[in-house]
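1. quick one, fold the following:
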Amino acid sequence: MTTTEPNRWTDRRSDAVSARKEAYEQLRRASTWRLLAATKAPAVLAILQSVFPAGDRRLPRSELIARVGAHLELLHDDDHRELSGAAEDEVEAGEGRSGRSAAEYVDGWVREGYLTRRDDPQLTETTFEPSPATIDAIQFIASLEEHRPTTTESRLQLVVQQFERLAQETETDRDVRLADLQRRRERIEAEIRDLAEGELMLPSAEHSVDRLRDILQIASELSGDFLQYREDLRAVDLHLREQILSPESSRGEILEQLLAGDDLLGQSTVGRTFTAFFRMLNDPVQTRTAQELVDRLLERDFAHALSRSERERLANVFSDLYEPAQEVLDVKTELYRSLARFVRSQDFRQHRVLLEALQEAQGVALAQKDEISTRAPFPMGLDLSRVQLSSVAQHRLKDPTDPGAPAEAEVHDATTLSIDVLQDLVRTNDIDIVGLTDHVNDVRGRSGQASIADVLRERPAQQGLASVIGLMFLATQHAQEREGSTEIVTWRELDGNDYAAKVPSFYFLDDVPVE
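-> Okay, the predicted model is just below:
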């Protein structure tokens with residue numbers, strides 16, 4: 001009797017296939033896969049390529065909605081085809097989805113991960129840009145449309161040249177490196193002799209154009225990499241914050257490094273990669289040399305075989321890289337500052353207390369999940385929050401040139417002030433009675449008589465309400481009251497606000513004696 005031994009190679013291969021299937025299941029839930037598999041994928045990709053042409057990598061919400069609205073019929077056509085193929089009950093359920101506005105589509109694309117929303121404090125409107133998933137999907141579709149093979153001779157040469165350069169730079173044997181340099185010198189000297197003798201060997205125009213297009217393709221792929229850089233930096237920032245809040249021992253080391261000013265974002269893998277790229281891109285010598293090479297290539301005869309868009313991309317290959325690279329650097333700098341503030345302000349301690357409370361509540365809930373039924377009534381009333389909804393159209397836009405309605409005047413009840421009360425007010429508030437006496441005599445002397453309002457019109461109240469009280473005090477002693485008559489007096493307080501009051505009518509007929 002024989003037994004079959006297990007085939008270990010088959011088992012390992014089966015495990016590898018299962019692991020790959022699990023990985024693909026995860027990728028299937030990613031935005032790139034879902035976008036390519038979507039029913040409206042042709043319309044969505046075409047519209048996104050149209051509304052985000054070269055140079056417009058970020059758009060404000062209003063402009064994005066306007067651009068999407070210009071192609072809205074393409075999306076509605078797909079909606080109608082979906083509804084026509086559905087059952088009658090499904091049609092009724094789907095009627096709400098057809099005829100959606102451009103704003104609803106934009107919000108849906110944000111939720112699906114096709115667009116990335118950015119809130120810039122320096123801008124008054126939210127901006128949007130294609131997500132890294134959308135960039136990958138567009139590049140994949142473009143590669144299918146162009147039908148250009150990637151296994152070209154020029155790309156293989158680029159790979160071989162990079163292998164050769166890396167091998168030479170990392171060689172530790174001095175004799176081997178010296179021999180390589182001597183061979184390179186011999187090749188260069190041979191080329192110099194051939195050129196001096198008049199032999200000029202040039203590659204074919206087709207070969208040169210293929211190499212140039214491969215270089216442009218590599219440069220264009222960097223645009224999606226910049227978006228991915230930003231997402232990766234945010235992921236590193238989130239991971240560092242999680243480590244700070246975790247109870248593990250590594251938390252103390254991270255806090256010490258951040259408090260010491262270490263740039264942990266820059267020390268991460270994505271941070272080091274981007275920093276090296278940005279440093280090279282900002283090297284004035286290398287950038288100037290590379291731009292001169294590009295200008296020389298544009299003057300070559302074979303460059304005329306490129307399309308107009310390819311020639312523009314080639315001419316602006318470095319300037320087009322600088323702006324998105326600067327945006328990634330700004331994101332990295334802001335994340336670093338935010339993380340440093342998070343640590344130095346001790347805000348992480350409050351977050352940690354809240355996290356521990358949530359974990360404790362979660363532990364209590366998990367401990368009771370097998371004992372308490374999900375249908376069991378819970379003895380707690382929870383009031384629903386309510387908000388009064390109203391249309392935006394009911395609000396009137398503010399006109400900056402309109403000063404607006406004046407503030408409603410505050411009216412106080414009239415009270416009767418006796419001579420004793422006025423005398424106490426004068427004594428306790430240090431009112432300038434001597435100066436007010438001069439004002440009364442001056443105004444009365446010119447017109448023969450004067451009321452309190454007349455005095456305040458020609459001689460404004462220097463002490464505000466205190467001057468009005470002082471004039472009332474002088475009037476009760478030295479002026480004649482007109483029974484049943486009142487007048488309005490006005491004055492300006494020291495804070496710059498104007499006030500008014502109704503007072504009994506008094507007329508100064510003679511000079512007030514100076515005390």
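
2. residues contacting residue 498?
-> Residues counted as contacts of residue 498 (C-beta atoms under 8 Å, 6 or more residues apart in numbering) are 490-492. Backbone N, C-alpha and C define where each C-beta goes, glycine included.

3. could you do residue 467 as well?
-> By C-beta under 8 Å, 6+ apart, the contact set of residue 467 is 431-432, 436, 456, 461, 491.

4. swap the cut-off to 10 Å and go again
-> Residue 467 makes contacts with 431-432, 435-436, 439, 455-456, 459-461, 491, as judged by C-beta atoms under 10 Å, 6 or more residues apart in numbering.

5. against residue 103, how distant is the spatially most central residue of the chain?
-> The geometric centre of the chain, computed from its C-alpha atoms, lies nearest to residue 119 (C-alpha atoms, centre = their mean), at 2.6 Å. Applying C-beta to C-beta, to the nearest Å, one obtains 17 Å for the distance of residue 119 from residue 103.

6. and residue 215, by the same measure?
-> Counting by C-beta to C-beta, the gap from residue 215 to residue 103 is 40 Å.

7. that older thread, leaving out chain neighbours, which residue sits closest to the residue nearest to the centre of the chain?
-> Sequence neighbours aside, residue 126 is the residue nearest to residue 119 in space, at 5.7 Å (criterion: C-beta to C-beta, 6 or more residues apart in numbering).

8. phi first, then psi, for residue 115.
-> With angles defined as degrees, to the nearest 10, residue 115 sits at phi -120, psi 150.

9. I figured it hits residue 135, correct?
-> No. Contact criterion C-beta atoms under 10 Å: residue 115 and residue 135 do not qualify, at 11.3 Å.

10. who touches both of those two?
-> The contact sets of residue 115 and residue 135 overlap at 48, 52, 129 (C-beta under 10 Å, 6+ apart).

11. list the residues that contact the last one.
-> It refers to residue 129. Contact partners of residue 129, counting by C-beta under 10 Å, 6+ apart, are 52, 56-59, 64, 115-118, 135, 227, 230, 324, 327.

12. check those for the minimum pLDDT and say which it is.
-> Lowest pLDDT of these: residue 56, 57.

13. could you point out which residue ranges in the stretch 301-450 of the chain have low pLDDT?
-> Within the stretch 301-450 of the chain, the stretches falling below the threshold (pLDDT under 70) are 387, 403-429.

14. and the strands in it?
-> Remark: strands assigned in the stretch 301-450 of the chain by DSSP state E, counting those that start in this stretch are 450-451.

15. could you do the chain as well?
-> Residue ranges of the strands in the chain, as given by DSSP state E, are 59-60, 115-118, 127-130, 450-451, 480-492, 498-508.

16. a markdown table for these, including distance to residue 395?
-> A markdown table is the format used below for the strands of the chain (distance: least, C-beta to C-beta, whole Å):
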| stretch | distance to residue 395 |
| --- | --- |
| strand 59-60 | 21 |
| strand 115-118 | 25 |
| strand 127-130 | 24 |
| strand 450-451 | 48 |
| strand 480-492 | 35 |
| strand 498-508 | 31 |
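
17. among those strands, which comes closest to residue 315?
-> For those, distance to residue 315 was read as C-beta to C-beta. The smallest value, 23.5 Å, belongs to strand 127-130.

18. partner strands of the closest one and their direction?
-> Within its sheet, and counting by DSSP bridges, strand 127-130 is paired with strand 59-60 (antiparallel), strand 115-118 (antiparallel).

19. now tell me what touches the shortest one from outside.
-> When contacts are defined by C-beta under 10 Å, 6+ apart, strand 59-60 is touched by residues 51-52, 65-68, 115, 120, 123-130.

20. between those, which is closest to residue 20?
-> Distance ranking of the contacts of strand 59-60 against residue 20, using C-beta to C-beta, places residue 130 first at 28.7 Å.

21. and the closest one, bridged to which residues?
-> The partner list for residue 130 in beta bridges (DSSP bridges) reads residue 115.

22. can you give me the distance of it to residue 316?
-> Between residue 130 and residue 316 the distance is 19 Å, computed by C-beta to C-beta.

23. cool, and residue 119?
-> 29 Å.

24. same question, residue 450
-> Using C-beta to C-beta, one gets 81 Å for the distance from residue 450 to residue 316.

25. related to what we said a few turns ago, out of the shared contacts of residue 115 and residue 135, the closest to residue 385 would be?
-> Taking the shared contacts of residue 115 and residue 135 together and measuring to residue 385 by C-beta to C-beta, the closest member is residue 129, at 33.7 Å.

26. low-confidence regions, the stretch 101-250 of the chain specifically.
-> Where the stretch 101-250 of the chain drops into low confidence, which here means pLDDT under 70, it does so at 121-123, 145-155, 158, 223-224, 247-250.

27. sorry, back to before: report the contact partners of the residue nearest to the centre of the chain.
-> With contacts taken as C-beta under 10 Å, 6+ apart, residue 119 has the following neighbours: 125-127.

28. which one is residue 232 nearest to, not counting chain neighbours?
-> Counting by C-beta to C-beta, 6+ apart, the residue nearest residue 232 is residue 270, at 4.2 Å.

29. that neighbour reaches residue 231, doesn't it?
-> Yes. Taking C-beta under 10 Å as the contact criterion, residue 270 and residue 231 are neighbours in contact, 9.4 Å apart.

30. residue 321: neighbouring residues, count only.
-> Using other C-beta atoms under 10 Å, the number of residues around residue 321 comes to 18.

31. how far away is it from residue 271?
-> 18 Å.

32. over to residue 306?
-> From residue 306 across to residue 271, the span is 36 Å (C-beta to C-beta).

33. equivalent analysis for residue 378, please.
-> Look at residue 378 and residue 271: by C-beta to C-beta, they are 48 Å apart.

34. residue 467 too?
-> 69 Å.

35. repeat for residue 446
-> Relative to residue 271, residue 446 is positioned 83 Å away (criterion: C-beta to C-beta).

36. go on, residue 442?
-> Counting by C-beta to C-beta, the gap from residue 442 to residue 271 is 79 Å.

37. between those two, which is the more surrounded one?
-> Residue environment comparison for residue 442 versus residue 271 gives the larger neighbour count to residue 271, 20 against 14, counting by other C-beta under 10 Å.

38. OK, contacts around the more buried one?
-> Applying C-beta under 10 Å, 6+ apart, the residues near residue 271 are 229, 232-233, 236, 263-265, 332, 335-336.

39. going by distance to residue 388, which of those residues wins?
-> Distances from residue 388 to those, taken by C-beta to C-beta, are shortest for residue 335, at 38.6 Å.

40. surely the closest one meets residue 234?
-> Yes. In this structure, residue 335 sits in contact with residue 234. The criterion is C-beta under 10 Å, and the distance is 6.9 Å.

41. of the two, who's got more company?
-> Set side by side, residue 335 and residue 234 show unequal neighbour counts under other C-beta under 10 Å, the larger going to residue 335 at 19 against 14.

42. show me the contacts for the nearest residue to that one once chain neighbours are set aside.
-> The shortest distance from residue 335 to any residue other than its chain neighbours is 4.6 Å, reached at residue 237 (C-beta to C-beta, 6+ apart). When contacts are counted by C-beta under 10 Å, 6+ apart, residue 237 touches 264-265, 268, 331-332, 334-336, 338-339, 342.

43. can you put these in JSON lines and add distance to residue 290?
-> Below are these laid out as JSON lines (distance: C-beta to C-beta, whole Å):
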{"residue": "264", "distance to residue 290": "32"}
{"residue": "265", "distance to residue 290": "28"}
{"residue": "268", "distance to residue 290": "28"}
{"residue": "331", "distance to residue 290": "25"}
{"residue": "332", "distance to residue 290": "24"}
{"residue": "334", "distance to residue 290": "29"}
{"residue": "335", "distance to residue 290": "30"}
{"residue": "336", "distance to residue 290": "29"}
{"residue": "338", "distance to residue 290": "34"}
{"residue": "339", "distance to residue 290": "34"}
{"residue": "342", "distance to residue 290": "39"}
